[in-house]
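In: kindly generate the corresponding structure for this input.
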Amino acid sequence: MTDHKIVNLDEWNAAREELLALEKEITRRSDELTLLRQELPWTRIDKSYTFQTAAGPRTLAQLFEGRSQLVMYNFMFGPDFEAGCPVCSSIADSFNGVLEHLKAKDVTMIAVSRAPIGKLEAYRKRLGWDFTWASCHESNFNFDLQRSVRKETVASWFDGDLPDVPVQNAVDCGTDPMSYMAERPWLTVFKILDGDVYMTYSTTARGLETVMTYYRILDLVPEGRNEGTPASPGWIRRHDDFSTAI
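Out: Modelled structure (predicted):
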């Protein structure tokens, strides 16, 4: 027997209409925020970077693959990892299926990590992904944009025990916690114009929920995200790990 409030259909429709009014208000505010995001100033990427891909070396401009807009997901997969971050892997699942739709709107979406290209390609094939995955192993790209930090920097963030989730994720990735937390998940947007590449937007932390589609669906169901208090993403796994975890 549920303790949740139960009403007849007319009362339910009235309550739904009341909530709908708030949802519409938030949608309109979100539209306003989108316009402000698009009006952000740009910053030109003046330094030259070379990435390794399955198709060979590529410059940042070449990663656009002939389109004018590039969305880059900085995937946590450091040089000494044996596997990619499980949370980043769930995010890659979310955007891998919409690549063709983005291309139709002049957008290329890729992932970038510091691990060597051989490790990235093996892992990409394991998970069945189609996106281009570029390695910045031989450049300072991630460090220059602060998508990765030195292990010494990570150590300075803590005084005592480390958080449980990063420690567990480090184990899952076959690395140590400091190396795991030295890699930072990030979503970055670039625009190429007259041969120059500009960074136009970036986000991390809860801003990444845009590409974590399962969270938006979980927000609709009665039990929500059900991650506990405080919220913990420790339940998130690689899609090929669920069969053995449940």
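
In: helices of the protein, residue ranges please.
Out: 9-38, 86-96, 99-103, 117-127, 141-144, 151-155, 164-173, 177-182, 213-218, 242-245 (DSSP state H).

In: among those helices, which is nearest Arg44?
Out: Arg44 lies closest, by CB to CB, to one member of those: helix 141-144, at 13.4 Å. The way it works is simple: take the backbone N, C-alpha and C, and place the C-beta from them, glycine included.

In: pLDDT weak spots in this protein?
Out: 229-233, 244-246 (pLDDT under 70).

In: apply 90 and report the result again.
Out: Residues of the chain that meet the criterion pLDDT under 90 lie in 1-3, 155, 159-165, 226-237, 241-246.

In: now the helices of the chain as TSV including mean neighbour count and distance to Met109?
Out: Shown next, in TSV, are these (neighbours: other CB atoms under 10 Å; distance: least, CB to CB, whole Å):
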stretch	mean neighbour count	distance to Met109
helix 9-38	10	17
helix 86-96	21	6
helix 99-103	13	5
helix 117-127	17	14
helix 141-144	18	17
helix 151-155	14	28
helix 164-173	17	23
helix 177-182	21	24
helix 213-218	14	14
helix 242-245	8	24
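
In: mind checking these for the one nearest to Asp80?
Out: Nearest of the helices of the chain (CB to CB): helix 177-182, 5.7 Å.

In: run through the bridge partners of Val112.
Out: Beta-bridge partners for Val112, by DSSP bridges, are Asn74, Ala134.

In: neighbours around it, how many?
Out: Number of residues near Val112 (other CB atoms under 10 Å) recorded here: 26.

In: quick one: closest of the helices of the chain to Gly207.
Out: Ranking the helices of the chain by proximity to Gly207 (CB to CB) places helix 9-38 first, at 10.6 Å.

In: how far away is Gly224 from Arg206?
Out: 15 Å (CB to CB, to the nearest Å).

In: repeat for Trp157
Out: Taking CB to CB, one finds Trp157 at 19 Å from Arg206.

In: and Arg28, by the same measure?
Out: For Arg28, the distance to Arg206 - CB to CB - is 21 Å.

In: possible to save the helices of the chain as JSON lines with distance to Met199?
Out: Converted to JSON lines, these look like this (distance: least, CB to CB, whole Å):
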{"stretch": "helix 9-38", "distance to Met199": "13"}
{"stretch": "helix 86-96", "distance to Met199": "19"}
{"stretch": "helix 99-103", "distance to Met199": "18"}
{"stretch": "helix 117-127", "distance to Met199": "22"}
{"stretch": "helix 141-144", "distance to Met199": "11"}
{"stretch": "helix 151-155", "distance to Met199": "22"}
{"stretch": "helix 164-173", "distance to Met199": "27"}
{"stretch": "helix 177-182", "distance to Met199": "22"}
{"stretch": "helix 213-218", "distance to Met199": "24"}
{"stretch": "helix 242-245", "distance to Met199": "35"}
